[in-house]
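>>> Sequence plus the predicted model coming up.
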Amino acid sequence: MTKLSVNINKIATIRNARGGSNPNLTQIAIDAEKFGAQGITVHPRPDERHITKQDVFDLKKVVTTELNIEGYPDDRFMELVEAIRPEQATLVPDPPDVLTSNAGWNTIERAEALMPIISKLKSLGIRTSIFVEPDITMIKGASEIGTDRIELYTEMYANGYAQNKEEGIAPYIKAAEMAKNIGLGVNAGHDLDLDNLQYFSKNIPFLNEVSIGHALVCDALYFGLENTIQMYLRELK
């Protein structure tokens, strides 16, 4: 079954809006795992607009499933993941000032820069995933630079789901099959939700992991965190 990694950035956003420790981020992570989450994802940005550096160290002490740290692989990020040694590091190409990840890597143009970074992470025993669009050329490039997995950037699928889900998922099926055939694991994330998740996972049955934060936290405001996580897990079955 595809694993659900719960991105808790938005929980930190709520906490930071008021200051203090309510909601308590580490307790949320503990409870999310208790409720069925098979991983916890964070994206600590340089401005600490949500996840702080201290949060990452605190989470390392309590996460018992898999900790996935996302980020742009600058010196700050690399120092953090070397200190934390998460189970997975997901490299994203967005610069520090963007609101949210909005594109995948060009694995051809950035190959020379990415190869030593991926090699370093793997030498630390950290599974490495890189954020890519469903582009066959970019996925072949990902394989050539040594990453363990790709994370398919699913905003295009989510945006087109209501209009034509068959057309929207077609490039993702092709991309995922290519990745699988050349030995890459396949993760996915960005704008997946209770409406579009089941169709995506059904059509890519070998999907290793989905990382979901914004939609899941929004749903939890109505349904509660435990019930929401269980709802997402049912979509993945």
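Received, thanks.
>>> Please name the nearest non-neighbouring residue to the residue nearest the centre of the chain.
Closest to where the C-alpha atoms of the chain average out (CA atoms, centre = their mean) is residue 211, at 4.1 Å. Distances taken as CB to CB, 6 or more residues apart in numbering put residue 189 closest to residue 211, at 3.8 Å, once the chain neighbours are dropped. For the C-beta atoms, the positions are set from N, CA and C on the backbone; glycine is no exception.
>>> pretty sure that neighbour is touching residue 151, no?
Yes - with contact defined as CB atoms under 8 Å, residue 189 reaches residue 151; the gap is 5.7 Å.
>>> These two - which one has more neighbours?
For residue 189 versus residue 151, neighbours defined as other CB atoms under 10 Å are more numerous around residue 151 (28 against 24).
>>> for that one, helix, strand, or coil?
strand (DSSP: H, G, I helix; E, B strand; the rest coil).
>>> ok, now which ones touch it?
By CB atoms under 8 Å, 6 or more residues apart in numbering, residue 151 lies in contact with 90, 129, 130, 131, 132, 187, 188, 189, 211.
>>> and the angle from the helix or strand where the third one lies to strand 149-153?
Put plainly, it is residue 130. Assigned by DSSP states H and E, residue 130 falls within strand 127-132. Going by axes from the mean of the first three to the mean of the last three CA atoms, to 10 degrees, strand 127-132 is angled at 30 degrees with respect to strand 149-153.
>>> other SSEs contacting strand 127-132?
Secondary-structure packing of strand 127-132 (3 or more CB pairs under 8 Å, 6 or more residues apart in numbering; DSSP states H and E): strand 88-91, helix 111-123, helix 136-144, strand 149-153.
>>> I'd assumed residue 68 was in a strand, is it?
Yes - assessed with three-state DSSP, residue 68 lies in a strand.
>>> So what sits opposite it in the bridge?
Beta-bridge partners recorded for residue 68 (DSSP bridges): residue 41, residue 88.
>>> Next up, the contacts around it.
Residue 68 touches 5, 39, 40, 41, 42, 86, 87, 88, 89, 90, 129, 211, counting by CB under 8 Å, 6+ apart.
>>> host element of the residue lying closest to residue 204 once chain neighbours are set aside?
Of all residues beyond its chain neighbours, the one nearest residue 204 is residue 176 (4.6 Å), with distances taken as CB to CB, 6+ apart. Element membership for residue 176, per DSSP H and E: helix 155-181.
>>> starting at the chain centroid, how far to that helix?
How far helix 155-181 lies from its chain's middle: 17 Å, per CA atoms, centre = their mean, to the nearest Å.
>>> Repeat that for stretch 108-121.
19 Å.
>>> So which bits of that stretch are buried?
110, 114, 117, 118, 120, 121 (16 or more other CB atoms under 10 Å).
>>> Please apply the same query to stretch 183-202.
For stretch 183-202, the neighbour count (16+ other CB under 10 Å) marks 184-194, 196-197, 199-201 as buried.
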